[in-house]
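A.B. asks: pasting a predicted model and its sequence here:
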Amino acid sequence: MVESLALAGSYGSYPERSQMGAQGSQAPVAHPWTTRRHAPQEAAEFVAAVRAARGEIPSLSDDEFRGYLRDIAFQLRSPQKSYAAAVRCFALTQKVVHAVAGFHAYDEQMLGAWHMLKGRLVEMETGEGKTLAAVFTAAALAMHGSRVHIVTTNDYLADRDASQMGPIFARLGLSAGCVKEAMGTKERQAAYGCSVTYVTPKQLMFDYLRDQIELGSKSGYRLRTELEIGKVRSNAGSDRVFYLHGLQAAIIDEADSILIDEAVVPLILSKQEPAADQAFIAKQAIQLASRLTQDQDFSISPDNRDIVLTGGGAKRLAHLSKAIGGVFASRMWREQYVLQALMALHLFRRDHEYIVRDESIQIVDIGTGRTMPDRSWERGLQQMIQAKEGLTVTAPNESIARISHQDFFCRYLFLAGMSGTVSEVAPEIKKTYGLSVVRVPTHRPSRRQGLGVTICKTTDEKRMVIAERVKTCVRKSQPVLIGTRTVADSEQLSEELARQGIVHTLLNARHDAHEAEIIAGAGRAGVVTVATNMAGRGTDIRVEARALAAGGLHVIASERHESRRIDRQLFGRTARQGDPGSYEEIVSLEDKLIVGLPSWQIAFAQRLRLEELLLRFAQWRTARQSAQLRRGLALHEAKTQRALAFAGRGNPVNTS
């Protein structure tokens, strides 16, 4: 079976998490602290109580410590004692963190952990210790009896966090595991069997779909209780494989990336079906499409999301197809195939939406700059792009199960999360997932300086301005991190820096194997790093003392992104934990965000010198379109599930 990525959606709304939350999950235990009412200062009072309780924990032998843990776990299950037990749990975890890791957790981390324990989404600035805050929440949930999934954006972070935090969980009598791409069945089962499992959404969702397929119609496609899964296992024999133990509790790291940015496409579990004529069809369609003329035979929508044939284009295509025959003799099929080919030629660009590596197409996640080598486009688009690039055309994938992020995460009985940039989408998070967003203050006052926006007329001018700015920083030993939107942008900027004799390091989807190493070294004095969006998250940039004295890390955004959140992620790489640092934007009127606007709007803004206002409008417009796409996908998935259930095929995860 092959995991593939669908790129389709329609418009609509989605039910609140309160309507969806218990579907497909099995933990029959409530979390009393999520509904318990306290005074408005509940969080501050809780942190103060933890601080006081920490000093009251006695010195214990190993046997006494285990008994102390059992007592806390028992009280966490009692609605009357759960608040006091949570205080004791946090205080004990704080002492264990100091004993095992050698550092103290800040009150702000306790504050964030408490809000997550209340089932909220916490916004904490980059570098404020979200990873450790999640440990406190996860420990309380696990002691309460839930299996906890800590969901993060990539395998590197999942493995790193599980390794670093595992000893803390172990000292608390809990186990921690990690699920990664290359793991086999036994390793995955063992990782999901732990008290706390670090995992990416892709691995988690695909394993969930695999479980649904294994359960099949005998269980009504319902994954409710661990007892039910155990019954299926015992009755089915040893040849059936299950991974998860239901969807009990999830803490989502970088929640806006997972719940918003990645939620524009469903995840599809598929298998390849042989199709001997697929290569012939794809190659012929690309040849036909390349003979059609834009604006004469076909038109591209202003938002670059759709292509339609004109009347004259349809007639010209019919004429060109006569000599080919076969499926191209049918108007419906030839137009469908050629429209896909036109999309492959004009809307999907090499080094932007995908790269070619090892003689295969690898999709680039536009939000992170990382490749997704195991994903593919559906409905024949993957084959069209392969034909366009002159690669071997593979068999198309047949979808056997699918689920959207919105649908999947609403199935957890308990859901919480954290992110450094989520305020802008708080209403959507609330409406879709039922999560309230709470902002936690920084431990130290921020010293981050914004140096404004420089708007150039052309891309070439922009690159020269960036190069001059970099030279100024390097002369005073200040490190520079330059963020770009795409692989092509990063390489073209790298060429300009090299032409001007500026030594630098390039990090994009072609060089992602050394991502952590490159980013970790980006804080050395005078070092220049050019990177795609992947630099925004993951590895800490530790800035040298000499670089701090020179003003700290300087971040340059070379182009605005579709969402202001992604820009803020990049800016958040500098001035962490009270360090000095600065950022600025050097953009051009030829950037993709601006070019997508009507020409009269661009001319009007230039005439009135309102370019920065134009940037804001373009960003707002694109963010709104993306939100509509996500709502549409959610509605489409809900309608599909209802239709399948009505037809008797059932929804793998829907319950009445």
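C.D. replies: That came in fine, so what should we check first?
A.B. asks: going forward, measure contacts and count neighbours with C-alpha atoms only.
C.D. replies: Will do.
A.B. asks: can you spell out which helices and strands pack onto the longest helix anywhere in the chain?
C.D. replies: If you go by DSSP state H, the chain has its longest helix at helix 611-646. With contacts taken as 3 or more CA pairs under 8 Å, 6 or more residues apart in numbering; DSSP states H and E, helix 611-646 sits against strand 447-456, helix 592-595, helix 599-607.
A.B. asks: let's have those in CSV, adding distance to I286 and mean neighbour count.
C.D. replies: Listed next are the helices and strands packed on helix 611-646 as CSV, based on distance: least, CA to CA, whole Å; neighbours: other CA atoms under 10 Å:
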stretch, distance to I286, mean neighbour count
strand 447-456, 37, 16
helix 592-595, 25, 18
helix 599-607, 30, 13
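A.B. asks: so which of the ones you listed is nearest S301?
C.D. replies: Judged by CA to CA, the one of these that comes nearest to S301 is helix 592-595, at 13.0 Å.
A.B. asks: which outside residues touch that closest one?
C.D. replies: Helix 592-595 is contacted from outside by R560, H561, E562, L589, I602, L614, L615, A618, Q619, using CA atoms under 8 Å, 6 or more residues apart in numbering.
A.B. asks: quick one: which of those is nearest to E335?
C.D. replies: E562 (31.4 Å).
A.B. asks: tell me the secondary structure for the residue sitting furthest away from the middle of the chain?
C.D. replies: Most distant from the centre of the chain: A323, at 46.8 Å, with distances by CA atoms, centre = their mean. Here A323 is coil, with the state taken from DSSP: H, G, I helix; E, B strand; the rest coil.
A.B. asks: number the residues from 452 up from this point.
C.D. replies: Taking 452 as the first residue, the last one we looked at is A774.
A.B. asks: what about the strands in the stretch 852-1001 of the chain?
C.D. replies: Secondary structure of the stretch 852-1001 of the chain (DSSP state E, counting those that start in this stretch): strands at 865-870, 888-890, 898-907, 931-934, 956-958, 979-982.
A.B. asks: tell me the strands beside the longest one, with direction?
C.D. replies: Each strand that pairs with strand 898-907, with its direction, by DSSP bridges: strand 1031-1039 (parallel).
A.B. asks: okay, angle between the partner strand and helix 1062-1097 too, please.
C.D. replies: Using axes from the mean of the first three to the mean of the last three CA atoms, to 10 degrees, the direction of strand 1031-1039 lies 90 degrees away from that of helix 1062-1097.
A.B. asks: contacts for strand 1031-1039 next, please.
C.D. replies: For strand 1031-1039, the external contacting residues (CA under 8 Å, 6+ apart) are 898-910, 913, 916-917, 999, 1002-1011, 1022, 1025-1026.
A.B. asks: using PDB, write out every CA atom in that strand.
C.D. replies: Written as PDB, here are the backbone C-alpha positions of strand 1031-1039 (Å, rounded to 0.1, in the frame of the first residue of the first chain):
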ATOM      1  CA  PRO A1031      19.000  40.500  21.500                       C
ATOM      2  CA  GLY A1032      18.100  40.000  17.900                       C
ATOM      3  CA  SER A1033      16.400  41.700  14.900                       C
ATOM      4  CA  TYR A1034      14.500  41.000  11.800                       C
ATOM      5  CA  GLU A1035      13.400  42.800   8.600                       C
ATOM      6  CA  GLU A1036      11.500  42.200   5.400                       C
ATOM      7  CA  ILE A1037      13.100  42.800   2.000                       C
ATOM      8  CA  VAL A1038      10.400  42.000  -0.700                       C
ATOM      9  CA  SER A1039       9.500  43.000  -4.200                       C
END
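A.B. asks: next one: that strand to chain centre, how far?
C.D. replies: Averaging C-alpha positions (CA atoms, centre = their mean, to the nearest Å) puts strand 1031-1039 24 Å from its chain's average.
A.B. asks: ok, stretch 1020-1039 next?
C.D. replies: Put simply, stretch 1020-1039 sits 21 Å off its chain's centre (CA atoms, centre = their mean).
A.B. asks: okay, now that stretch: how far is its last residue from its first?
C.D. replies: Start-to-end span of stretch 1020-1039 (CA to CA, to the nearest Å) is 20 Å.
A.B. asks: and if you look at stretch 634-654?
C.D. replies: This stretch, stretch 634-654, spans 10 Å end to end (CA to CA).
A.B. asks: how about that stretch: buried residues?
C.D. replies: Residues of stretch 634-654 classed as buried by neighbour count (16 or more other CA atoms under 10 Å): 638-640, 642-654.
A.B. asks: cool, and stretch 798-813?
C.D. replies: Using 16+ other CA under 10 Å as the test for burial, stretch 798-813 gives L798, R801, D802, H803, E804, Y805, I806, I812, Q813.
A.B. asks: for those, give me TSV that also has pLDDT, distance to S741 and secondary structure.
C.D. replies: Below are these laid out as TSV (pLDDT from 0 to 100; distance: CA to CA, whole Å; DSSP: H, G, I helix; E, B strand; the rest coil):
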residue	pLDDT	distance to S741	secondary structure
L798	88	13	coil
R801	89	16	strand
D802	83	20	coil
H803	80	20	coil
E804	84	20	coil
Y805	86	20	strand
I806	84	21	strand
I812	86	20	strand
Q813	85	23	strand
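A.B. asks: list just the nearest of those residues to A949.
C.D. replies: Using CA to CA, D802 is the member of the buried residues of stretch 798-813 that lies nearest A949, at 19.8 Å.
A.B. asks: returning to what we had before: to T603, which of the strands of the stretch 852-1001 of the chain lies closest?
C.D. replies: Among these, strand 865-870 sits nearest to T603 (CA to CA), with 10.1 Å.
A.B. asks: what does the closest one rub up against?
C.D. replies: With contact meaning CA under 8 Å, 6+ apart, strand 865-870 is reached by 472, 482, 567-576, 581, 699-707, 860, 886.
A.B. asks: partners of that strand in the sheet?
C.D. replies: Per DSSP bridges, strand 865-870 is paired in its sheet with strand 572-574 (parallel), strand 700-703 (parallel).
A.B. asks: of all these, which lies closest to L543?
C.D. replies: Closest approach to L543 among the strands paired with strand 865-870 is made by strand 700-703 (20.5 Å; CA to CA).
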